[in-house]
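# everything below, folded, please.
(one chain, ligands or ions: 1)
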Amino acid sequence: MKQYEPPFVTLTLSDGTTIKLATKRDRFDRVFIDTSVLFSQYGVCAYDVGLQSTAICQSAITFINGEKGTLLYRGYPIEQLAEQHDFTDVSYLLLYGERPTGKEKEQFTEKIRHNSAIQSELHLFLNSFQHDAHPMSMLLANVAALSSFYQQDFDINQPEQRKLAAVQLIAKIPTLAAMAYQHSLGRSPTPPQDEMGYAENFLHMLHNVPGKQYTPHPLFVKALDTILTLHADHEQNASTSSVRAVASTGSNPFACVCAGLAALWGPAHGGANEACLKMLQAIGDESHIDTYIKRAKNPDDPFRLMGFGHRVYKYYDPRAKIMQKICHDVLKVLGNQNDPLFKLANSLEKIALEDDYFVERKLYPNVDFYSGIVLKALGIPANMFTVIFAIARTTGWMAHWLEMMDSSYRINRPRQIYLGFPQRDIT
Ligand code: CMC
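Sure thing, here's the model as predicted:
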């Protein structure tokens, strides 16, 4: 049996067997018990549905303190990054560990521009989708199709090729997303523009109509850019851990991102912003809030207050505060400070935060509570909300993929508690 030097914890099984398990501490001194030897050395397993108490990797990218409502990218608080940097800086920071110098930003921006166009074959592929297809399904299929262009010459063992693949994905995702949207409207796609920044370019590709040049208000560009920053990474969330799970088999990064997109689409994760807006529209009026609060509290009703609660945050999600302010600023520019949905969201938040059910369970608004109202104000339809989340999170997925590929990892292969039939014969 392997002997561990302290620090370790001791686990005693009911038959008296004593197991010493090594412990690790993270940067903020939180303790993690290394359970990886439990099965191979003792024949027992840890059981943790939903991986609520299980760290799946070591990472230096993002840190969340859910009790205090802190979010750090590479050590920098999200509030400072959202205020002082744009999404291109943040992408660089997440991918490479430090904020870019002026020269590094210029070169990175140029690489993104250079890789943002889409192969003409993909335009044909997109045309095979019905116009009412959900943009997330088009995006997912297009990213999978994109893998076919890069599979043959791509060598996952070459760090430079891996970095290029990350840039290709970050560069092409907004183009694919805008193409999907334009297709749903029966329009031809608008190609990316070299002179525009990342967020402005996306808004332009989304809303531009031939013969009618679209120029977004600078505050709308800033609002979208901040939304991208806020959604860029969130450590081991469902989609990022899905990307890591697929990456653990050595899959192509485009296929790994498809796993992330699929996980993100669900209403418990990236689909929450679309679901939240629909919920606010369904509530419709402040006089109906009580009915919906009662429904959210009823254990026999599957309804949940969308944009509320979080696996990690047991305090106000710091992104929600920033989002609430963006929402206010965008509506002001539009002369729509009294937007009924914003007023409704503010009232709903106030009522929920004073309600014992939400207080006891530490359920606070999350990033998606206000993001739908902002995106709607920017003229973006609800079925594109998760797509925008996906554009932002592609950076986080790629940062985690690069980190994982640079470290030692093993294929993900969890255990199960089997409760089916014992062995039986076919008679
Ligand atoms: N409305 C009403 N009750 C809730 C809600 C909610 N939004 N969220 C959690 N609860 C209750 C839940 O019913 C449970 O109650 P009880 O202890 O009586 O059984 C308790 O709170 C704990 O909930 P849980 O489901 O065990 O918590 P979880 O960590 O598994 O789920 C969550 C986290 C985000 C999936 C959940 O809070 C939720 O479904 N929220 C609404 C969807 C949403 O806004 N998702 C976006 C998350 S932020 C974007 C992102 O980072 O992906």
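# which ones are touching the residue in the stretch 51-200 of the chain positioned nearest to the ligand?
With C-beta to the nearest ligand atom as the measure, the residue in the stretch 51-200 of the chain that lies nearest the ligand is Gln52; the distance is 7.2 Å. Bear in mind the C-beta positions are built from the backbone N, C-alpha and C, glycine included. Taking C-beta atoms under 8 Å, 6 or more residues apart in numbering as the definition of contact, the neighbours of Gln52 are Arg311.
# quick check: pLDDT value at it.
pLDDT recorded at Gln52 is 94.
# also the one 5 residues further on?
Per-residue confidence at Cys57 stands at 96 (pLDDT).
# mind listing what it touches?
Gln236, Arg244, Met404, Tyr409.
# what's the burial count for Ala272?
27 (other C-beta atoms under 10 Å).
# er, Gly379 actually
The local packing count at Gly379 equals 12, with neighbours defined by other C-beta under 10 Å.
# my read is it is in a strand, agree?
No: the assignment for Gly379, made by DSSP: H, G, I helix; E, B strand; the rest coil, is coil rather than a strand.
# pLDDT at the closest residue to it other than its chain neighbours, what is it?
With C-beta to C-beta, 6 or more residues apart in numbering as the criterion, Gly379 has its nearest non-adjacent residue at 6.4 Å, and that residue is His207. In this model, His207 is scored at 93, pLDDT.
# could you do Asp153 as well?
pLDDT at Asp153 comes out at 78.
# which residues touch stretch 239-258?
51, 56-57, 140, 143-144, 146-147, 150-151, 154, 156, 162, 165-166, 169, 233-234, 236, 259-264, 269-270, 393-394, 396-398, 400-401, 404-405, 409-412.
# now list the buried members of the residues you listed.
140, 143, 146-147, 150, 154, 162, 165-166, 169, 233-234, 236, 259-261, 263-264, 269-270, 393-394, 396-398, 400-401, 404-405 (16 or more other C-beta atoms under 10 Å).
# one step back: what's the local residue count around the residue nearest to Gly379?
Counted by other C-beta under 10 Å, the residues lying close to His207 total 18.
# could you do the one 5 residues further on as well?
A count of nearby residues for Lys212, using other C-beta under 10 Å, gives 7.
# could you do the one 5 residues further on as well?
Close neighbours of His217, defined as other C-beta under 10 Å, add up to 13.
# I'd assumed Ser241 was in a helix, is it?
Yes: under three-state DSSP, Ser241 falls within a helix.
# let me see the ranges of the strands in the stretch 51-200 of the chain.
Using DSSP state E, counting those that start in this stretch, the strands of the stretch 51-200 of the chain run over 62-65, 70-73, 76-77.
# let's have those strands in TSV, adding distance to His134, mean neighbour count and mean pLDDT.
Formatted as TSV, the entries for the strands of the stretch 51-200 of the chain read as follows, by distance: least, C-beta to C-beta, whole Å; neighbours: other C-beta atoms under 10 Å; pLDDT from 0 to 100:
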stretch	distance to His134	mean neighbour count	mean pLDDT
strand 62-65	28	19	96
strand 70-73	29	21	97
strand 76-77	35	14	98
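# got the ones you listed as JSON lines, with distance to Glu274 columns?
Shown next, in JSON lines, are those (distance: least, C-beta to C-beta, whole Å):
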{"stretch": "strand 62-65", "distance to Glu274": "23"}
{"stretch": "strand 70-73", "distance to Glu274": "22"}
{"stretch": "strand 76-77", "distance to Glu274": "28"}
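# what about these, which gets the closest to Pro302?
strand 62-65 (27.4 Å; C-beta to C-beta).
# hang on, the residue nearest to Gly379 packs against Tyr214?
Yes: using C-beta atoms under 8 Å, His207 makes contact with Tyr214 at a distance of 4.4 Å.
# quick one on the thing from earlier: intersect the buried ones among the contacts of stretch 239-258 with the contacts of the ligand.
His234, His269, Gly270 (C-beta under 6 Å from any ligand atom).
# among the residues you listed, which one sits closest to the ligand?
Checking those against the ligand by C-beta to the nearest ligand atom gives His269 as the nearest, at 4.1 Å.
# ramachandran coordinates for the closest one?
Dihedral angles phi and psi of His269 (degrees, to the nearest 10) take the values phi -120, psi -110.
# residues contacting it?
Applying C-beta under 8 Å, 6+ apart to His269 gives the contacts Asn237, Ala238, Ser239, Ala263.
# count the neighbours of the residue lying closest to Met136 once chain neighbours are set aside for me.
With sequence-adjacent residues excluded and distances taken as C-beta to C-beta, 6+ apart, Met136 is closest to Trp265, at 4.9 Å. The tally of other residues near Trp265 (other C-beta under 10 Å) stands at 21.
# how much space separates whatever residue of the stretch 301-427 of the chain ends up closest to the ligand from Pro365?
Here the residue of the stretch 301-427 of the chain nearest the ligand is Gly309; by C-beta to the nearest ligand atom that distance is 2.4 Å. From Gly309 over to Pro365 the distance is 9 Å, taken as C-beta to C-beta, to the nearest Å.
# do Gly66 as well
Computed with C-beta to C-beta, the distance linking Gly66 and Pro365 is 14 Å.
# settle it for me: which of these two has more neighbours?
A side-by-side neighbour count of Gly66 and Pro365, using other C-beta under 10 Å, places Pro365 first with 27 against 15.
# from the contacts of His269, which single one is nearest the ligand?
Out of the contacts of His269, the member with the shortest distance to the ligand (by C-beta to the nearest ligand atom) is Asn237, at 5.5 Å.
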